[in-house]
Every structure is written in C-alpha cells, then in structure tokens.
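In: Any chance you could fold what I've pasted below:
(2 chains)
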Amino acid sequence: MKQFLSFAAAGVVAVTFGFAAQAETTVRVAYDADPVSLDPHEQLSGGTLQLSHMVFDPLVRWTQDLQFEPRLAKSWEQIDPVTTRFHLRSGVTFHSGNAMTANDVDWTFDRLKESPDFKGIFAPFADVKVIDDTTFDLITTEPYPLVLHTATYIFPMDSAFYSGTTTDGKDKAELVKHGDSFASRNVSGTGPYIVSEREQGVKVVFDRFANYWDADSKGNVDKIVLTPIKEDPTRVAALLAGDVDFIAPVPPTDLKRVEDDAKTNLITMPGTRIITFQMNQNRVEAFKDARVRKAIDFAVNNDAIVKKIMRGFGTVGAQASPAGYLGYDEALAPRFDLEQAKALMAEAGYADGFSITMMAPNNRYVNDDKIAQAVASMLSKINIKVDLQTLPKAQYWPKFDERAADMMMIGWHADTEDSANFHQFLSACPDATTGNGQYNSGAYCNAEADKLMDASNVETDPAKRADLLQKLEGILYEDAAFVPLHWQNLAWGARKGIHAEEIVNALNFPYFGDLVVD
Amino acid sequence: MLAYLVKRLFQAIAVMFAISLVSFAIQDNLGDPLRELVGQSVSDEVRQQLRDELGLNDSFLQQYLRFVGNALQGDLGTSYFFKEPALDVILKKLPATLELVFGATVIIIGLSVPLGVYTAIKPNSVASRIIMGASIIGISVPVFLTAILMIFVFSVELRWLPSFGRGDIVPVWGYWSTNFATADGWTHIMLPSVALASIMLPLFVRLIRAEMMETLQSEYVKYAKAKGIHPGRIYFVHALKNTLLPVITVGGVQIGTMVAYTILTETVFQWPGMGFMFLEAVNRVDTPLIVAYLIVVGFIFVVTNTIVDLIYGLVNPTVNLARMGA
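Out: The predicted model follows:
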C-alpha cells in the first residue's frame, strides 16, 4: 500500500509537469507529538494548527514578521463597522475534487461555533453571509479589532465531503471530543498535502496534492513522513544520525550540538509564550501590598534565569506581550535590584520576610522545574522562605484550578496573537460569568486595567488600540500584577539543504507547502 | 493438572480484579483527563459539561461498577486519545513489545549460559574477571542511560544502526507485523533488544555462575570427574541441567518484569509498543488505557508464572503440580 501510494504520487507528479519519472523528494519530520486527530476543530492546540497548515489553508495567515498574508481569501474590505467582506480565490479545489466556495466557509464557520475549543475565539462573531461563490461577509456583533486575527483560524473544510452519514449511520460532520468520528479519521482540505497514511502515535505520511491551487509556491517536497519522537535526546540523535531531516523542538541542552554539527542547521526565533509567576492575594495577606509584589519582581533575576537555566534560549520579559504585539511597550525594562527589593520589603513592614508555598509543573514548559527552584532560592535573599512543589502537568492543572499554592507558575500563549488575550486570562478580575481571569491564580484585580481591555476590544483603529494596550501593560508593570520571566524561544533543527528557515515562524506553524529542498 | 490450571485461572481473575480496583482508586490522583482533551482557554463550564458526558462526575462506586459491568463483556473502555477500545489499542501495540522482549530473551539465553558456565569453571581467569566486572556495570547503569549511550555510539557517531522506531516491518497475521523479515527490521530491533537485555543479562550470568559453582562441588560431579567422563559432558549435561531449576524460576518472573522494563527502553527508542504507549497514556491521563494496560500486564504475569510452574514440573519430576494446586 505504502509503495503503491508513493508510486501513484510519483506518477501524478510526472504527469503534471510533463517529465519522466524523477526521484521524489521526501522530508522526514520528527516532532515531540503527532496530531491528536485529523479533525481541525477537535482540539485547539499547536499540533492541530500545524496539521491544519499542511492539509488545509486558512483564509489569511501570519508572515514571519507577524503581518497578514492572503491565502484562500485574496482580498477583503470593511464595508461597515461590523462587516468585513472577503473575496475568495477562484479555482481552488479540495482533495476530494470538489470546488471550494463561500458555502464551504459558511459551513466551516458554523462548525467552529459548535466546537468547545474554538467557540470562545469565535464568540464575537455573529454570522457568515454568503454573497456569491467567491464572496462572503463575516459579521461581528460589535465592532471588533481582531477580524483578521480570527480569520487565520478559518480553514475551509470540504462541506460536501463531510456531509451525509457513514455506513454505520453516524453524521459525517459530527464533532466528537472523545471517541470515534468520521472527521477524526478522514480529511479533505485544500492544503498542499494529502494525508495518505496514518497510524496514531507512530507516523503520518503526507503526499503533495497534485492540484494544489498555489502554483507560485516554490515548495518542492513531494512527501513528508511525520514521526513523533517523544524523548528529546532521541529526537536530536535521530537528526544527527541522519534518520530524520527536520526536528522540533530542539531542547536547550542540545542547541550547540545541532548548531555545530557540519550536517545540520539550527534555527531559533523568539517565541510568544510568556512564562510568569502569579502571587495569590487571597492566600497571602502580604501579596495585597503592591510593594511586596514589586519587591518579588525586583528579587527575581530573570536575566540570569535566561542565561544560566535557559542557556540563552529565551527573551527576558518585563510584560506579557512579546515584541510585535500591539501592547508591547519597549519602555518597560526587566527589573532586578536586590537592594531595592529589600528596601521595598522593609517599607511594607516585611523586613523579616515570611513563608509561602509555591507550585510549578515539571514537564510543561522548557526547564520549568529548574526555573521554579531558581526563583525559590532568589526569594530567600529577601527572607521569603519558599516551600516548593513541582508536579507533572497532568496533576498540576487540577492544583492550579484549586489555586493550591501561594505562588504558581503559568505560561501563556495568546490564541488570538493579541495583547488583550494575556490580560483577559491571566490578570483580569476573575469573573465566572464572563470567564475573565480564568487563569488568574493571583486574584489580582484592577478595574482600571479591565476598562482598558474592554475599550481595546471594541477599538478598531490600530494606533488607538496600541495606546490602550500599552497603557494596560504599564499599569500591570507598575502594580507588579505578576512576575514576568521570559518568552520561550522556539528552535528547529534541519539537515543542511533543507531551507526550513523560510517556512518557520514565531507561532510554530511551519508552512511545509513552501518548503524548498536542494 | 486440570484442577491446577482451573485454580490458576481463578487466581488470575482475582489478581486482575485487585489490579482494576487499585488502578481505579488511584486514577483521581493521576490528573484531570479533560485538561489533555481541550485547549487552554476553554471555559470551566464547557469542561464540566464534557466531564458529565464522560461520566467523570459520577461517584467512584458508580464508575467502578460500570467499568466492571463492561469489562465482563470484554469492553475495557475506550481510550480518550486513540478513540478506540483500549484493549484493541493494547493488542495492536503488543506484538512490537513481544518481539522486543523476544529479541532480548534470545540475547540473554544465548549469552548467559556460556558466560555463566565459563566463569564458574574458570573463576580466576582474566576473562572471567572482565565478565564479572562488566556485569556489575551492567546491573548498576540504568537502562535509559545504556540506551542513550548506545544511540550516541552506534547511530550518531558510527552510523551503523538506526536511532529510533521499528523501521520496515512486514505484516504477518492480524495486528502482528514482524521486524524479523527484513534487513531494515533487523537493524532497528538490534539496539533496543541489547539495551533491554543489558538489565537482565548480568543477573543471569551471576545466577548461573553461582548455581554452577555450587553444583561443581557436589559429590556426583566429583565422581564423574574421577570416572574420567569428558569435561564438556560433565559441565553441559550433568551439571548444567541441575543448575537450571532456579534459573527457570527466576527467569519466568524476570520475563514478566522485562515487560515492565520495556516502558523505559521503548520510550528512549520511540519503539511503538505498549510500554511506550503506557507512559504516554500516563502523561495524557488516558485513564481507560492505563487501567486496561495494568490488567493486561497482570494477565501476562499470571500466564508466564503458570507456564514456569509447568516447565518446572517437566524439568524436575519430583514437583507435583496436582499437590501444589490442592
């Protein structure tokens, strides 16, 4: 079967380009995990989006410098404050052979609104109105600044392919979070690759889609074999041994080896996931005092953490928004000054310090447990005794939901790629009805900050929005709402001759369709 | 004999009941499966709704009785991650693990008998000292370290053998695809088998050596020597046979243990067997799969121990299985 498929693919390539059989280009990719499902709406995770960019195409996508690039939507314009009109590319076909139209976008939008994982992102959106085959209106309930941000999540699905019932009478469109469904095992998108073989947890084989619409793409890879390799040392060894061609992530301990090896290239890029500690004001009286929180921020040497523990594999942060986001304010500098930290503690009446508990995961973020240990020992310098417990992520999250320790670690990546998202989940006043502050274990609450966030969510002028969001970051910085540590960098390793540096981005969705191999 | 087997079967069922109860009791401490099923920004309300759908909000007793009811009909639950019956997932992964264990067992048997006998006959030779020294290192170095070292030497530096996975496998029957049919398959299974064997091999060399040395002191060996029988015959026929009883006992238990050790070996080599699957299931809090794995492994333990007892009876006719079973 495998041989037949590759043979068939080679045949298709030969016919399309009109030359005799040529050796096909195969790229063997190793990630730390393989996609959980072929259904693009089942789980909102990096793995799902990486798959979506291979098998589907979004309406628009992010470029390396975080701008929007037209994909299936070739242009768009705002026709009133709540309506954006999109014009689709014509002549795009799905893997099944069906033509892609605005009806497929409408169908996909409705399905996204049903998905437990995605409906949050699409909450500000009311409807998709189909004008004709290649035109549709995306309508929000209120003026909304993140229409294009959200359009990066719309990967039109083949509505005809996913309609009807399976032989055992199940609806093909069914979205099942757990258990079997048609969409979790079958896929038809417009993307550069067709899934030709898949064994969960073992490998996924992708073949180039012969009728891919983007004929201008320089991508010349005919076949991709994705293998999950969970263990960091094994994944690196597989690359160095030449058993695979492209790996992600590269662990900090092996960055140098991949970089120094004559046969491999290392590609790194600042990421957008901020790692922070939150200080629980409901559990510790002293944390209600901004001076104590600030003292902690001053006591934590996040620069040393990045240099020593992360081996330079991170960008020191003083706020939640990474550079390139609207809310990023370069005036906010990382703070570290032990004397000032001690002075602030004394001023607040805690010169003798106090004892607190701390929890952190030990397999969720890069070096998470070591970072927590370092922070704990840094806090002892200002007489805060820390009782630290690190847990596997599976046990950590229930503890986090219980707010089980006085200081807890959390890393956050904004699904919307927008500054307001950090505040909404990490530092807004906790509110069960709106879902604000769902991950605010510090219980920090500042009405002024929340007002700025709300105002930014309906402000469509980017300059005014940037102003609001930067003001918001400034307040959080002044209040020391949380302890910002760093943004984790991203790292990929590739065999020489694979031009991976052109297809990777800060979002960690490599655009394999455009991958060029010598 | 039959009575013995029936009794063993009941024991197996009791063991598996106990395992299911224990694994069910600890599953709340493994973490929240919902966290692994949904994205980070999904609201608590939606998560609770999914918990209800999965029946995770029912009481422990309700959940357990539902599980036992289904288990009696051969349904050990559905894996959250694979979205297939847990038992099917395990059965698909089982051949890879068994081939690995088989490979390691062949290495262990093939090497431990000659090495054990040699070091017993010539305890003071240089070669014996080297073997015994190496066996201490083998016992004390953890398997994941051995495995990573071997990958570094044989895959990265020398580039003789592949670093991960099963390579080119050939379907044999049902879920069973074999590594032993192609050259590529052979090269892939080599490193993992050696790594897995590295834990047990020193133990067996030492065991055979100790038993053999004891046997060589016995009267009948001295008598055989005095009688002028060829040394090879004395060592390998008369003496070795009598050293094998304890070796078989220990061996049976250890093969069961080896299935457990596959967890580490398979993880390092990305070997798509059930040990690796189990570790992943623990990370993902895939509780149905965890419980099913523990039950299947418990079953394997009971079966191997039963077979060992049967072989014991064959090797040593004085062991009366019927009496043991009574």
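
In: Every contact and neighbour count from this point should use C-alpha atoms.
Out: Fine.

In: All the helices of the stretch 51-200 of chain B, in order from the start?
Out: Per DSSP state H, counting those that start in this stretch, the stretch 51-200 of chain B carries helices over the ranges B:60-72, B:86-121, B:126-140, B:143-150, B:183-216.

In: show me the contacts for B:Val143.
Out: Contact partners of B:Val143, counting by Cα atoms under 8 Å, 6 or more residues apart in numbering or on different chains, are B:195-196, B:198-199, B:264-265.

In: from those residues, which has minimum pLDDT?
Out: The pLDDT minimum for the contacts of B:Val143 sits at B:Ile199, where the score is 83.

In: is it true that that one touches B:Gly138?
Out: Yes. Look at B:Ile199 against B:Gly138 with Cα atoms under 8 Å: they come within range, at 6.3 Å.

In: which of the helices of the stretch 51-200 of chain B is buried the deepest?
Out: Highest mean neighbour count among these (mean count of other Cα atoms under 10 Å in any protein chain shown): helix B:183-216, with a mean of 22.

In: on contacts alone, who are the packing partners of that helix?
Out: Counting contacts by 3 or more Cα pairs under 8 Å, 6 or more residues apart in numbering or on different chains; DSSP states H and E, helix B:183-216 packs against helix B:86-121, helix B:126-140, helix B:143-150, helix B:240-269.

In: rank the ones you listed by mean pLDDT and give me the bottom one.
Out: When those are compared by mean pLDDT, helix B:240-269 comes last with a mean of 82.

In: Tell me if that one is near chain A.
Out: Yes. Using Cα under 8 Å from any Cα of the partner chain, we find that helix B:240-269 touches chain A at B:267-269.

In: Which residue ranges make up the domains of chain A?
Out: Annotated domains of chain A cover A:22-56+A:191-263+A:496-517, A:57-158, A:270-490 [the TED database].

In: In which helix or strand does the residue of the stretch 1-150 of chain A found nearest chain B reside?
Out: Closest approach between the stretch 1-150 of chain A and chain B, counting by Cα to the nearest Cα: A:Leu44, at 4.8 Å. Using DSSP states H and E, A:Leu44 sits within no helix or strand.

In: Who are the contact partners of the nearest residue to it once chain neighbours are set aside?
Out: Closest residue to A:Leu44 in three dimensions, ignoring its sequence neighbours and counting by Cα to Cα, 6 or more residues apart in numbering or on different chains: B:Gly39, at 4.8 Å. Residues in contact with B:Gly39 (Cα under 8 Å, 6+ apart) are A:43-45, A:117.

In: Tell me which two in those are the farthest apart.
Out: Spatially, the most separated pair among the contacts of B:Gly39 is A:Ser45 and A:Asp117, at 9.1 Å (Cα to Cα).

In: Compare those two (neighbour count), which wins?
Out: Just comparing A:Ser45 and A:Asp117: by other Cα atoms under 10 Å in any protein chain shown the higher neighbour count belongs to A:Asp117, 25 against 18.

In: Please, where are all the strands along the stretch 301-450 of chain A?
Out: All strands of the stretch 301-450 of chain A, identified by DSSP state E, counting those that start in this stretch, fall at A:314-316, A:354-361, A:384-391, A:407-412.

In: who wins for proximity to chain B among those strands?
Out: Ranking the strands of the stretch 301-450 of chain A by proximity to chain B (Cα to the nearest Cα) places strand A:407-412 first, at 8.8 Å.

In: Wondering if that closest one reaches chain B at all.
Out: No. For strand A:407-412, no contact with chain B is found by Cα under 8 Å from any Cα; the gap never falls below 8.8 Å.

In: Check which helices and strands that strand sits against.
Out: Counting contacts by 3+ Cα pairs under 8 Å, 6+ apart, strand A:407-412 packs against strand A:264-279, strand A:354-361.

In: Just name the most buried of those strands.
Out: Comparing the helices and strands packed on strand A:407-412 by mean neighbour count (mean count of other Cα under 10 Å), strand A:264-279 ranks first with a mean of 23.

In: who in chain B is up against chain A?
Out: Counting by Cα under 8 Å from any Cα, chain B sits next to chain A at B:29-33, B:35-43, B:46, B:78-84, B:148, B:151-152, B:155-157, B:159, B:162-164, B:267-270, B:272, B:283-285.

In: mind running it again at 6 Å?
Out: Within chain B, the residues that sit near chain A (Cα under 6 Å from any Cα of the partner chain) are B:31, B:38-39, B:42, B:80, B:83, B:155-156, B:163, B:270.

In: circling back to that earlier point, out of the strands of the stretch 301-450 of chain A, which gets nearest to A:Gly191?
Out: Nearest of those to A:Gly191, taken as Cα to Cα: strand A:407-412 at 28.7 Å.

In: so where is the chain shaky, pLDDT-wise?
Out: No chain was given, so I picked chain A. Across chain A, residues meeting the criterion (pLDDT under 70) sit at A:1-23.

In: that's the other chain; I wanted chain B
Out: Along chain B, the model assigns pLDDT under 70 to residues B:1, B:315-326.

In: what do you get if the cut-off is 50, keeping everything else the same?
Out: B:325-326 (pLDDT under 50).

In: Go ahead and flag the most central residue of it.
Out: With distances taken as Cα atoms, centre = their mean, chain B has B:Val259 as the residue nearest its mean C-alpha position (1.5 Å).

In: Any idea how many residues pack against the residue lying closest to A:Asn301 once chain neighbours are set aside?
Out: Once flanking residues are discounted, A:Asn301 sits nearest to A:Phe336: 5.4 Å by Cα to Cα, 6+ apart. Around A:Phe336 there are 18 other residues, counting by other Cα under 10 Å.

In: Isn't B:Ser155 up against A:Ala241?
Out: Yes. Using Cα atoms under 6 Å, B:Ser155 is in contact with A:Ala241, at 5.5 Å.

In: Residues of the stretch 251-400 of chain A that sit close to chain B?
Out: So the stretch 251-400 of chain A meets chain B at A:394-395 (Cα under 6 Å from any Cα).

In: following the longest helix along chain A, which helix or strand shows up next?
Out: Longest helix in chain A, counting residues (DSSP state H): helix A:462-479. Using DSSP H and E, the helix or strand that directly follows helix A:462-479 along the chain is strand A:483-495.

In: re the thing from before, by neighbours, which of the residues of helix B:240-269 next to chain A wins?
Out: The most crowded member of the residues of helix B:240-269 next to chain A, judged by other Cα under 10 Å, is B:Phe269 (30 neighbours).

In: Can you tell me how far B:Pro114 is from A:Ala320?
Out: As defined by Cα to Cα, to the nearest Å, B:Pro114 lies at a distance of 65 Å from A:Ala320.

In: quick revisit: with only the CA atoms kept, save the longest helix of chain A in CSV.
Out: Extracted C-alpha coordinates of helix A:462-479, given in CSV (Å, rounded to 0.1, in the frame of the first residue of the first chain):
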residue,chain,number,x,y,z
PRO,A,462,-4.8,50.1,15.5
ALA,A,463,-3.0,53.2,16.7
LYS,A,464,-5.6,53.9,19.4
ARG,A,465,-5.7,50.3,20.3
ALA,A,466,-1.9,50.1,20.7
ASP,A,467,-2.2,53.1,23.0
LEU,A,468,-4.8,51.4,25.2
LEU,A,469,-3.0,48.1,25.4
GLN,A,470,0.4,49.7,26.2
LYS,A,471,-1.2,51.7,28.9
LEU,A,472,-2.7,48.4,30.2
GLU,A,473,0.8,46.8,30.2
GLY,A,474,2.1,49.9,32.0
ILE,A,475,-0.4,49.5,34.8
LEU,A,476,0.3,45.8,35.3
TYR,A,477,4.1,46.6,35.4
GLU,A,478,3.6,49.4,37.9
ASP,A,479,1.4,47.2,40.1
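
In: Alright, calling it a day.
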